[in-house]
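> Build the 3D model from these lines:
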Amino acid sequence: GYHQVLHSLSTAGIKKLDTNQLPVAWMMRAVAEWRTGSLVSASASSASGLSAIPRPHSREQVLLLMIPALVTDSQTISTWKAAGMACTAEQYAPIESACLGAMKSLAAAEAAMDGTTPASVRNFHAYHKWRILFNWETIIDTLSGGTTVADQILRNIRPRFGGQDLLDMADAARQSVPVGDPLRVIMDAEMG
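As a prediction, this is how the structure comes out:
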């Protein structure tokens, strides 16, 4: 279905839409591009969607704000896998910078939510926050140099998050999703 969305929502086609429809069209296109691996295009579509000024606190606004984090996570995991799911402390430095940027994007998306934001969007946000934090911790745990290097990196990260541990923040995101929700089921299964 994502390829069909991309086919239906060309740039020319989006430009023909009513102004009120632009944020949703750009959001749908950005998500489809992210899911199909067109990451640079997804970032550009997200920016276009935000420029179309989505309704505050809406699904469109929150998802458009999240796209940079989702793109970063996809790029980071691809880089890590290409490195044999291990990297040196030097290779890790840009990963940490990217993950910090992803967390800023997620924080902006979270700040855009209020009581009118659909629960499904809140749960989607929580799931991806959990996923990004869990992936980040996994990458740190697989750094060459063993637990000494990983422990030092984790100690250095905690002050950026008020002393919180990445996995504690991930678990808080997981627990914010109601038990039985399909995304919670996925997270619970991964935690195992």
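> C-alpha only now, for contacts and for neighbours.
Noted.
> can I assume T72 is in contact with A98?
Yes - using C-alpha atoms under 8 Å, T72 is in contact with A98, at 6.4 Å.
> And these two? Which one has more around it.
T72 (22 against 18; other C-alpha atoms under 10 Å).
> Give me the distance between the more buried one and R59.
T72 sits at a distance of 20 Å from R59 (criterion: C-alpha to C-alpha, to the nearest Å).
> same question, S74
In this structure, S74 and R59 are separated by 21 Å, where distance is defined by C-alpha to C-alpha.
> Compare those two and say which is more crowded by neighbours.
Taking other C-alpha under 10 Å, S74 and R59 do not tie; R59 has more neighbours (23 against 17).
> quick one: contacts for the more buried one?
R59 is in contact with 117-118, 121, counting by C-alpha atoms under 8 Å, 6 or more residues apart in numbering.
> Swap in 6 Å and give it another go.
Neighbouring residues of R59 by C-alpha atoms under 6 Å, 6 or more residues apart in numbering: there are none.
> and it, how far is that from L166?
In this view, R59 and L166 are 26 Å apart by C-alpha to C-alpha.
> Next: A108.
Counting by C-alpha to C-alpha, the gap from A108 to L166 is 18 Å.
> I140 too?
When C-alpha to C-alpha is the yardstick, I140 and L166 sit 10 Å from each other.
> Same check on S48?
Applying C-alpha to C-alpha to S48 and L166 gives a distance of 32 Å.
> What of M28?
30 Å.
> Mind checking which of the two has more residues around it?
Counting neighbours by other C-alpha under 10 Å for M28 and for L166 shows that M28 has the greater number, 23 against 20.
> mind listing what G180 touches?
With the criterion set at C-alpha under 6 Å, 6+ apart, G180 makes contact with nothing.
> If you count neighbours, what's buried in stretch 146-155?
149-150, 153-154 (16 or more other C-alpha atoms under 10 Å).
> Just the pLDDT at T76, thanks.
pLDDT, the model's per-residue confidence, is 95 for T76.
> Sticking with it, tell me its helix or strand.
For T76, the host element (DSSP states H and E) is helix 59-82.
> Only alpha carbons, please: show that helix as PDB.
What follows is helix 59-82, C-alpha atoms only, in PDB (Å, rounded to 0.1, in the frame of the first residue of the first chain):
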ATOM      1  CA  ARG A  59      -2.200  13.400  14.000                       C
ATOM      2  CA  GLU A  60      -0.600  15.200  11.000                       C
ATOM      3  CA  GLN A  61       1.400  17.600  13.100                       C
ATOM      4  CA  VAL A  62       2.700  14.900  15.500                       C
ATOM      5  CA  LEU A  63       3.600  12.500  12.800                       C
ATOM      6  CA  LEU A  64       5.300  15.100  10.600                       C
ATOM      7  CA  LEU A  65       7.400  16.200  13.600                       C
ATOM      8  CA  MET A  66       8.300  12.500  14.300                       C
ATOM      9  CA  ILE A  67       9.500  11.700  10.800                       C
ATOM     10  CA  PRO A  68      13.000  13.000  11.300                       C
ATOM     11  CA  ALA A  69      13.400  10.700  14.300                       C
ATOM     12  CA  LEU A  70      12.100   7.700  12.400                       C
ATOM     13  CA  VAL A  71      14.400   8.500   9.500                       C
ATOM     14  CA  THR A  72      17.400   8.800  11.900                       C
ATOM     15  CA  ASP A  73      16.500   5.500  13.500                       C
ATOM     16  CA  SER A  74      16.300   3.700  10.100                       C
ATOM     17  CA  GLN A  75      19.600   5.200   9.000                       C
ATOM     18  CA  THR A  76      21.300   4.400  12.300                       C
ATOM     19  CA  ILE A  77      20.200   0.800  12.300                       C
ATOM     20  CA  SER A  78      21.200   0.400   8.600                       C
ATOM     21  CA  THR A  79      24.700   1.800   9.400                       C
ATOM     22  CA  TRP A  80      25.100  -0.500  12.500                       C
ATOM     23  CA  LYS A  81      24.000  -3.600  10.500                       C
ATOM     24  CA  ALA A  82      26.300  -2.700   7.700                       C
END
